[in-house]
Structures are given as C-alpha cells and as structure tokens.
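Undergrad: coords below, sequence missing:
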C-alpha cells in the first residue's frame, strides 16, 4: 500500500518550518494553483494586507513567514493560499462519516476538490506538530498549507471540514481553517473543541465533523459565520456531506454542482456505513463506493482520536 510523506514540525525549534524546504517544488506548484483559482488580483491582496494587520495572530504570522522562507515564496502569497477556503470554497465537496468502534469513534472522510493535474491528490503531506500548548496533533494537507481541513489530536479529538454555502453575507472575520488549527493547538478536550467551534465567530460557512475518544463523542457542527446548530443521532453512523440539515432557512438556493450531489452521497454513505463493520478497511469501502466517491476526490482517510491513528489512501 502506497504511503504519503510526513514531516515533523517542532514549534519550539528555531525554524519550525524548515522541514518544508524539501517540498519547495510541490509547494510552489500548489501555491500557483491556488492563486490562479483566486485570480491573484489586487483586491485579494488588499484583503490579505487587512487580514494580516488586524486578525492574524503573532503565531500565525511567524508560521506564514517561516513557510514562505522555507519554500522560497512571498509571505503574502502564502497567506492568501491559506485563506483559500474563506474566499473560494465553491470547488470543494466532501463526505465524512463517524461510527463507533472498540477503539473509540472512527472518523472517515473523502475530500473532494477540483485541481488541475490532480495536484491535491498526488502531493498530500501529513504534518506532525509537536510543542503546541494542548499537545501534539497531525494534519492531513499539502506542502505550504498551515490552514487545517482534516486532522487528529491523539487522545483529544479529530476534526474534518466540509464546505457549505449559506445566505449570510461574507465578512472579514477569523479565518475558518486557521481557527481550526488554533483549536487543534490549544483545545485540551473534545468538549472544549466543540464549544469553541460552536460559539466563536468565523469568516465562512462550514460543516464540521468532530469525534472524540469516548463512546458517543461525535457531532456535526453546522456553521454560518455567526450561527451554529449541532446534529447527532443516538444510533447508526453520523454522516455529513455539503448541505445544512439541522439549521433551517440558511442554505443558498444555488450552491454549485458539487453541493447538488450532497443528498445522494449522504443517503448512500449513511446506508453503507450502517451495514459495514466498524473497521477502517470497511469504512474505506464506503468511501470508495461509486455513489460516494467523486471524480474529484483527492484524499481518503480514516482517523481515530483515541489511538491517534491516521490512515490515508491514495485515490485511484
């Protein structure tokens, strides 16, 4: 079975992000891809400058500068790429499933994201972070990405983000995916993570699947920038795709083609997970099903917060 590269980022080291230098080529290609999607306009650059001056934390600023130095790119370009989700999430789909198992909740996820030459599938990178205030955590992303879309904090929780679009107007607030990283770094328990992800204002709509280490620790947090509703069920798998189900009267009428398939993927994944064994391999079978997996699926993974297990499979 093919594996993906991993790097270790020690936040207490003089240059924590220097390990990324080995991936400067892929990081630069991905950065160009993100910037092309965003249009690389002066309007975006003005927003980046505003965000950096008003909302970026000192730790985030050091990380962005460190990543830029390691890969040899402009720091504001790196920051803009890391704000991608908040600015332009229309190309992102996703299906995620949580089920109980003897090892605690298992957390399975397809990340669906269109990119030229399938770069996001081929350049997946796992980053193991040590030295954070709440303990170590790992993210499943790409070279140059500081923002978090999928991750696990051993002994604490796992979180994955699914895209969604509401009728709320966008606002300059805390980046959704940078805030997820902050939660991984500073939240010490599943309960603290859920509380913060529920109540703190963020820049963009999202659906968050959060699993913990104990039986029953699983929830979908449906978010707009300012509102939240929690969704769970007492029996069977907990599934999230790309539509609001607990929050009423907030879904946009035209959320794009990726989101149009959300209901079908939701129903299929719910059925398959309900009859599957609670094992990583059985969950990968669910993720690979032709009515769940999309042509633009770039990452498939199963996470376990209790054990810290990360199993990421190549898509093909």
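TA: Structure's in. What do you need? Not measured: the values here are computed from a predicted model.

Undergrad: next helix or strand past the worst-scoring helix or strand of the chain on mean pLDDT?
TA: Least confident helix or strand, the chain: helix 257-260 with a mean of 67, by mean pLDDT, DSSP states H and E. Sequence order places helix 262-275 as the next helix or strand after helix 257-260, per DSSP states H and E.

Undergrad: where exactly do the strands run in this protein?
TA: Secondary structure of the chain (DSSP state E): strands at 6-10, 95-99, 106-112, 125-130, 137-141, 150-153, 157-162, 206-211, 218-223, 228-231, 238-240, 297-304, 309-313.

Undergrad: quick one, what contacts residue 158?
TA: Going by Cβ atoms under 8 Å, 6 or more residues apart in numbering, residue 158 touches 105, 107, 151, 152, 210, 211, 303, 304, 305. Quick note: C-beta positions are derived from backbone N, CA and C, even for glycine.

Undergrad: can we see that at 10 Å?
TA: Contacts for residue 158 (Cβ atoms under 10 Å, 6 or more residues apart in numbering) come out as 96, 98, 104-107, 109, 137-138, 150-152, 184, 190, 193, 209-213, 218, 301-306, 308-310.

Undergrad: would you turn the strands of the chain into a markdown table with distance to residue 86?
TA: A markdown table is the format used below for those (distance: least, Cβ to Cβ, whole Å):
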| stretch | distance to residue 86 |
| --- | --- |
| strand 6-10 | 23 |
| strand 95-99 | 20 |
| strand 106-112 | 17 |
| strand 125-130 | 20 |
| strand 137-141 | 16 |
| strand 150-153 | 17 |
| strand 157-162 | 11 |
| strand 206-211 | 9 |
| strand 218-223 | 12 |
| strand 228-231 | 17 |
| strand 238-240 | 19 |
| strand 297-304 | 19 |
| strand 309-313 | 25 |
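
Undergrad: Single out the most deeply packed of the ones you listed.
TA: strand 157-162 (a mean of 31; mean count of other Cβ atoms under 10 Å).

Undergrad: Direction included, what does it pair against?
TA: Here strand 157-162 is paired, per DSSP bridges, with strand 150-153 (antiparallel), strand 206-211 (antiparallel).

Undergrad: pLDDT of the last one, averaged?
TA: In other words, strand 206-211. Averaging pLDDT along strand 206-211 gives 97.

Undergrad: How far off centre is it?
TA: 9 Å (Cα atoms, centre = their mean, to the nearest Å).

Undergrad: surely residue 122 meets residue 143?
TA: No. Assessed by Cβ atoms under 10 Å, residue 122 is found out of contact with residue 143, at 11.3 Å.

Undergrad: where do the contact lists of the two overlap?
TA: In contact with both residue 122 and residue 143: 26, 29, using Cβ under 10 Å, 6+ apart.

Undergrad: The two: who's more crowded?
TA: Ranked by neighbour count (other Cβ atoms under 10 Å), residue 122 and residue 143 place residue 143 first, with 25 against 15.

Undergrad: which phi and psi does the more buried one have?
TA: The phi and psi values for residue 143, taken as degrees, to the nearest 10, are phi -60, psi 130.

Undergrad: for residue 93, same thing?
TA: Torsion angles, degrees, to the nearest 10, at residue 93: phi -110, psi -120.
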